[in-house]
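S.K.: With the sequence up front, the predicted model follows.
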Amino acid sequence: QVHLVESGGGLVQPGGSLTLSCAASGSFVYIRTMGWYRQAPGNQRELVATIARGGSTDYVDPVKGRFTISRDSAKNTVYLQMNSLKPEDTAVYYCKSNILSNWGSYLDFWGQGTQVTVSP
């Protein structure tokens, strides 16, 4: 069983910063890709950023230059540093990890989500 637990969400003013964390626990071989997604009210869940096991990163255009994804493989933890936050960044943020299970299959696991609200 694998669990992902997110933390770090909250209320912040426009232009402010927040750092999200997501820690994976349980029994598995390794984590291949870790990523952050978000879902605003009435919208589909969308990709924000991903980081591969080797460290390569990818971002969607609206967050490029403002958000930074990183990971600590020793701690099975992924971070999302969010700067220059805008009201349109308001959403529930979810982490997802693609994990090699003990029986040899790659599986996706999701966290429970953390609310980020950007408002004056």
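M.R.: The structure has been received and is ready for your questions.

S.K.: show me the contacts for the most centrally placed residue in the chain.
M.R.: The chain has residue 36 as the residue nearest its centroid, 2.7 Å off, counting by Cα atoms, centre = their mean. Going by Cβ atoms under 8 Å, 6 or more residues apart in numbering, residue 36 touches 20, 22, 47-50, 69, 78, 80, 93-96. Where C-beta positions appear, they are placed from N, C-alpha and C, glycine not excepted.

S.K.: next one: residue 14
M.R.: Residue 14 touches 85, 86, 87, 118, 119, 120, counting by Cβ under 8 Å, 6+ apart.

S.K.: where's it, which helix or strand?
M.R.: Taking DSSP states H and E as the definition, residue 14 sits outside all helices and strands.

S.K.: and the gap between it and residue 58?
M.R.: 26 Å (Cβ to Cβ, to the nearest Å).

S.K.: same check, this time on residue 25
M.R.: 25 Å.

S.K.: Same check on residue 75?
M.R.: Distance from residue 75 to residue 58, by Cβ to Cβ: 22 Å.
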